[in-house]
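Engineer: Give me the fold of what follows.
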Amino acid sequence: MSFTRPESFTTRPTLQGTFGMSATTHWLATGTAQAVLERGGNAFDAATAAAFVLHVVEPHLYGPGGDMTGVFCTAEEPGKPVVLMGQGPAPAGATVQRFRAEGLELVPGSGALAAAVPGAVDAWLLLLRDHGTWELAEVLDFAIRYARDGHPVLARVCSTISAVAELFREHWPTSAALWMPEGHIPVEGELVRNPALARTLQKLVQAGAGLGEAFAAEPAHTREERIDAARREWGEGFVARAVAESVRIPHRHSSGTNHRGVMTMADMAGFRASYEEAATLEFRGQTIAKTGPWGQGPALLQTLAILAGFDDDRLDPSTELGAHTILEAQKLALADREAYYGDADVPLDYLLSDEYAASRRELITENASLEFRPGSVPGREPYVPALRTEYVAAALSDGDAAVGEPTIGEPAPGEHSVAANGETRGDTCHIDVVDRWGNMVSATPSGGWLQSSPAIPELGFCLGTRLQMTWLEPGTPSTLTPGKRPRTTLTPTLVLRDGAAVSALGSPGGDQQDQWQLLYLLRTIVGGYTPQQAIDAPAFHTTSMPGSFWPRTWEPGGAVVEDRLGDDVIAALGRRGHRITRAGDWTLGRLSAVVRDPRTGVLQAAANPRGAQGYAAGR
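Structural biologist: Numbers count the residues shown, from 1 in each chain. Predicted coordinates for the structure are as follows:
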């Protein structure tokens, strides 16, 4: 059986050129990145500028109070993938005992008690300092202008605000003042401004001139010193102070109860973004690079290791046999994610070994498994979480229909959803950039959504809720622990071949990020699809694992599919025992990608048409 041929029609062309390519989840961020490249900046300048624009134009998906992970290669070392680590840890006061004493069984999905130390801004500034070329003022100018002067707001932003409007009015007045001035919910296309955020960014720029609270000395003399001054201002100056003061006010959480946050200035000052070695796997002659197991990235590598032992006809996502095999392999890898992954000593070498992959491969039969099946690792006891198919917090047991129910924009199952209590699943942004010199970066920033926690008026943003990905049971690989990173879902990808980076890709989507990227990789590496053909092709994912987001439920055997997979294939998957949810024709995945051929220097880019929001640009 040959691999399914791609459709001859694509929603957009795969862009080609030699100068530079950008692809993000919002056209304004893509335009910003490309503008930086056109003005002589490199991929790292461009990606950083785009990231700060995303704070402004996708505030329901990402904010300065969030986190990010990236993976990149430089033109000087094209074969060395490096992870940019912007995932902050749990604050010192975030202990299991504290949360249990607050009457909580799970870390809430909204509210400042669930906030990890914000890591994204420091990470972007670190990347800019070490690998960029532009001044901070130039990089932030795009975001400052959009925040100060306004931008046409997305329909999804409006529907998100509408979904949580009652929460804002009743419990989060600072958020109501920022996002619903005088009670007005914005409408699509209306110019929306965030002057407080513009002032915050301008103050970071001013810190380099010696005007910041945390840098009361003579002006910095080098570009690097000016950026470091801004980093100190963020972690030790006015931002840290405003964060620490804001969380002291009790406010409503997704649990239906009121709590104070625990973030302090010391927590903010104690975090610094860093670089790490990437986790990698060889697959069909290419090297796939991901974060370490403090993120979910290695689960993609495990899935590829399992699939590597099958013939190509079992790797075709467009067929019954291929889709079934892929879903079953994903379940096994995601079970190991729950059982072993976290900011701890994870036996990753064993989990990625040929021997272990072979043992897992043998578990895949002709029928769908409805079980949670982590593997056996010598000397380790796999953690098995509570396998809930539904959950209602005790404080909401009298009935709150909004909890856990998607209420905006009719999102696809497992994709973007927001409940009236601020609980959010699958919300993220993504950025890919490659420049003419061969610098390449893939970054997935997220968190700090406008619906995460009450807005901090002086700053124009709120804190994230990444701690909801930790457990309150002792002894798990991802138990809530002060100073430890939550096991993030943020998972960008870099692909290398013959000692050089050849592709950067990623997608929003929470637990689905790597599942959708897997389909892209199989279709491009095995099936020979172009980037746009692979992005356009029908997608699916499993929900047969405990979710990373509150309330941490699962659906045994669950498989969410786009209708374009075809009635015959979908019906056959159902006969194999998969519990199918049909999601519509164009609903799953928000992938983007950039590509570089090291031999010719030809660049490519592609972006997802779903949602009419992501865009690629280049020449």
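Engineer: Walking through the stretch 301-450 of the chain, point out its helices one by one.
Structural biologist: Here the stretch 301-450 of the chain has its helices, by DSSP state H, counting those that start in this stretch, at 320-340, 348-351, 354-361.
Engineer: Return the most buried member of those.
Structural biologist: helix 320-340 (a mean of 25; mean count of other Cβ atoms under 10 Å). Yep, even glycine has a C-beta here, placed from its N, CA and C like the rest.
Engineer: Now do that one: distance to the chain's middle.
Structural biologist: Remark: helix 320-340 is offset 20 Å from the chain centroid, using Cα atoms, centre = their mean, to the nearest Å.
Engineer: How about stretch 34-41?
Structural biologist: Stretch 34-41 sits 25 Å away from the centroid of its parent chain (Cα atoms, centre = their mean).
Engineer: Sort out which residues of it are buried, please.
Structural biologist: 34-37, 41 (16 or more other Cβ atoms under 10 Å).
Engineer: cool, stretch 160-168 as well?
Structural biologist: 160-165, 167-168.
Engineer: Next: stretch 567-587.
Structural biologist: So for stretch 567-587, counting by 16+ other Cβ under 10 Å, buried means 569-570, 572-573, 576, 578-580, 583, 586-587.
Engineer: That stretch: end-to-end distance?
Structural biologist: Terminal residues of stretch 567-587 are spaced 16 Å apart (Cα to Cα, to the nearest Å).
Engineer: That one - what's its average pLDDT?
Structural biologist: On average, the pLDDT along stretch 567-587 is 97.
Engineer: From the chain's centre, how far out is it? Work that out for me.
Structural biologist: With Cα atoms, centre = their mean as the basis, stretch 567-587 stands 26 Å off its chain's centre.
Engineer: any residues touching that stretch, and which ones?
Structural biologist: Here stretch 567-587 makes contact (Cβ atoms under 8 Å, 6 or more residues apart in numbering) with 318-320, 323-324, 327, 366-370, 411-413, 415, 543, 555-564, 609-610.
Engineer: one step back: out of the buried residues of stretch 567-587, name the ones that lie in helices.
Structural biologist: Using DSSP state H, the members of these that fall within helices are 569-570, 572-573.
Engineer: Quick check: the farthest pair among these?
Structural biologist: 570 and 572 (7.3 Å; Cβ to Cβ).
Engineer: shaky segments in the stretch 101-250 of the chain?
Structural biologist: For the stretch 101-250 of the chain, the stretches flagged by pLDDT under 70 are 214-218.
Engineer: Model confidence score at residue 453, please.
Structural biologist: 97.
Engineer: secondary structure element for residue 122?
Structural biologist: Element membership of residue 122, judged by DSSP states H and E, is helix 120-131.
Engineer: tell me how far that helix is from the chain's mean position?
Structural biologist: The answer for helix 120-131 is 17 Å, by Cα atoms, centre = their mean.
Engineer: just checking, what packs against the next helix or strand after that helix?
Structural biologist: Sequence order places helix 136-149 as the next helix or strand after helix 120-131, per DSSP H and E. Packing partners of helix 136-149 (3 or more Cβ pairs under 8 Å, 6 or more residues apart in numbering; DSSP states H and E): helix 27-38, helix 43-57, helix 120-131, helix 195-207, helix 223-236.
Engineer: Also compute the angle for helix 136-149 relative to helix 27-38, please.
Structural biologist: Here helix 136-149 runs at 150 degrees with respect to helix 27-38, directions being taken by axes from the mean of the first three to the mean of the last three Cα atoms, to 10 degrees.
Engineer: buried residues in helix 136-149?
Structural biologist: 136-144, 146-148.
Engineer: Kindly report the same for stretch 309-320.
Structural biologist: Result for stretch 309-320 [16+ other Cβ under 10 Å]: buried residues 310, 314-320.
Engineer: Spatially, which two of those are the most separated?
Structural biologist: Taking Cβ to Cβ as the measure, the buried residues of stretch 309-320 span a maximum distance of 15.4 Å, between 310 and 318.
Engineer: how about the nearest residue to residue 11 once chain neighbours are set aside, what does it touch?
Structural biologist: The spatially closest residue to residue 11, leaving aside those adjacent along the chain, is residue 609, at 4.0 Å (Cβ to Cβ, 6 or more residues apart in numbering). Each residue near residue 609 by Cβ under 8 Å, 6+ apart is listed here: 11-12, 535-536, 586.
Engineer: Look up the closest residue to residue 503, ignoring the ones flanking it.
Structural biologist: residue 495 (4.1 Å).
Engineer: Confirm that neighbour sits in a strand?
Structural biologist: Yes - with DSSP: H, G, I helix; E, B strand; the rest coil as the criterion, residue 495 is located in a strand.
Engineer: Who is it paired with across the strands?
Structural biologist: residue 288, residue 503 (DSSP bridges).
Engineer: is it true that residue 436 touches residue 20?
Structural biologist: Yes - Residue 436 lies in contact with residue 20 (Cβ atoms under 8 Å); the separation is 5.6 Å.
Engineer: where do the contact lists of the two overlap?
Structural biologist: Joint contacts of residue 436 and residue 20 (Cβ under 8 Å, 6+ apart) are residue 603.
Engineer: ok, now which ones touch residue 228?
Structural biologist: So residue 228 contacts 129, 220 (Cβ under 8 Å, 6+ apart).
Engineer: All further residue positions should be reported with the first residue as 9.
Structural biologist: Got it, the first residue is 9 from now on, which makes the last one we talked about residue 236.
Engineer: can you tell me how far it sits from residue 128?
Structural biologist: For residue 236, the distance to residue 128 equals 17 Å [Cβ to Cβ, to the nearest Å].
Engineer: Next: residue 173.
Structural biologist: In terms of Cβ to Cβ, residue 173 sits 26 Å off from residue 128.
Engineer: just residue 445 next, same as before
Structural biologist: As judged by Cβ to Cβ, residue 445 and residue 128 stand 25 Å apart.
Engineer: again, but for residue 240
Structural biologist: From residue 240 to residue 128 the distance is 17 Å (Cβ to Cβ).
Engineer: higher neighbour count, the two?
Structural biologist: Per other Cβ atoms under 10 Å, whichever of residue 240 and residue 128 has more neighbours is residue 128, with 31 against 18.
Engineer: Identify the residues contacting that one.
Structural biologist: So residue 128 contacts 59, 70, 72, 74-76, 94, 453, 455-456 (Cβ under 8 Å, 6+ apart).
Engineer: Now it. Nearest residue, chain neighbours left out?
Structural biologist: Counting by Cβ to Cβ, 6+ apart, residue 128 lies nearest to residue 76, which is 4.2 Å off, once chain neighbours are set aside.
Engineer: who's residue 587 bridged to?
Structural biologist: residue 566.
Engineer: Number of residues surrounding residue 605?
Structural biologist: Using other Cβ under 10 Å, residue 605 has 14 neighbouring residues.
Engineer: contacting residues around the most centrally placed residue in the chain?
Structural biologist: Centroid check for the chain by Cα atoms, centre = their mean gives residue 498 as the closest residue, at 3.6 Å. Shown in contact with residue 498 (Cβ under 8 Å, 6+ apart): 75-77, 95, 299, 303, 436, 452-454, 521.
Engineer: ok so, going back, of the helices of the stretch 309-458 of the chain, give the one that comes closest to residue 133.
Structural biologist: Comparing those under Cβ to Cβ, the one sitting nearest is helix 356-359, at 29.1 Å.
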